[in-house]
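A.B. asks: this is a predicted model, with the sequence first.
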Amino acid sequence: MYHEGVGGIVELAAGYLSAAYDSVRKAGGLCIADEVQSGFARTGSNLWGFESHGVQPDIGNSSLLGIGNGIPLGAVVTTTEIAKVLTRRSYFNTFGGNAVCTAAGLAVLKVIEKEKLQENAFVVGSHLKERHKALKDKYEVIGDVRGQGFMLGVELVTDRELKTPAKEETLHVMDQMKGKVSILIG
């Protein structure tokens, strides 16, 4: 995975993912890229987050966040060798092969390409990141700004050196953001 969205947009160090993949494979394991949050052009640099690390997972997945644009759709991509194993056993999936959802997924891919949404995620995300970094220089409560494209995180702290979470301040910011979003939506 390129970034962990729920965990605060943790960027992986250069070479980390390839070293981890090597270790897992040497131990006989499979490497799985969970791209539910970071896939489908969100990082701006590639369609899949793992691509910027130069690795090829054995299994990759995405779901409704990116691939279906809200339509219940998931995808698992794997190697031919692993896919053949599924043909040796009875495999059942409640929604597997749903034509409407599949058409929605294809439409999402076409829109990403036609409207250059990956490029947009890179350009706008880079701008947002720089603006947040400028705020970090101005406000001590911002401990870190990290991420790429639209996978950005701003860490709020009470002490930058100790990285002490700013719990009350974070709740305040979240409440303020909810108010702004509800005005936009509603």
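C.D. replies: That came through fine.
A.B. asks: care to break the chain down by domain?
C.D. replies: 16-114, 119-185 (automatic domain parsing).
A.B. asks: parallel or antiparallel, list what pairs with the strand of greatest length in the chain.
C.D. replies: Ranked by number of residues, the top strand in the chain under DSSP state E is strand 151-159. Taking DSSP bridges as the criterion, strand 151-159 forms sheet pairs with strand 142-148 (antiparallel), strand 164-165 (antiparallel).
A.B. asks: what about it, distance to the chain center?
C.D. replies: Offset of strand 151-159 from its chain centre (CA atoms, centre = their mean, to the nearest Å): 17 Å.
A.B. asks: the longest helix along the chain to strand 151-159, inter-axis angle?
C.D. replies: Assignment by DSSP state H gives helix 117-138 as the longest helix of the chain. On the basis of axes from the mean of the first three to the mean of the last three CA atoms, to 10 degrees, helix 117-138 is oriented at 10 degrees to strand 151-159.
A.B. asks: which element, helix or strand, includes the most centrally placed residue in the chain?
C.D. replies: Central residue of the chain (CA atoms, centre = their mean): S38, 1.5 Å from the mean position. Per DSSP states H and E, S38 falls between elements, in no helix or strand.
A.B. asks: and it, how far is that from K178?
C.D. replies: S38 sits 24 Å away from K178, taking CB to CB, to the nearest Å as the criterion. For the C-beta atoms, the positions are set from N, CA and C on the backbone; glycine is no exception.
A.B. asks: hang on, the earlier thing: okay, the strands paired with strand 151-159, which one's buried deepest?
C.D. replies: Highest mean neighbour count of the strands paired with strand 151-159: strand 142-148, a mean of 20 (counted as mean count of other CB atoms under 10 Å).
A.B. asks: could you find the closest non-adjacent residue to the residue nearest to the centre of the chain?
C.D. replies: G49 (3.6 Å; CB to CB, 6 or more residues apart in numbering).
A.B. asks: ok so G60 is a strand residue?
C.D. replies: Yes. With DSSP: H, G, I helix; E, B strand; the rest coil as the criterion, G60 is part of a strand.
A.B. asks: where does pLDDT dip in the protein?
C.D. replies: Along the chain, the model assigns pLDDT under 70 to residues 1-8, 64-65, 91-96, 181-186.
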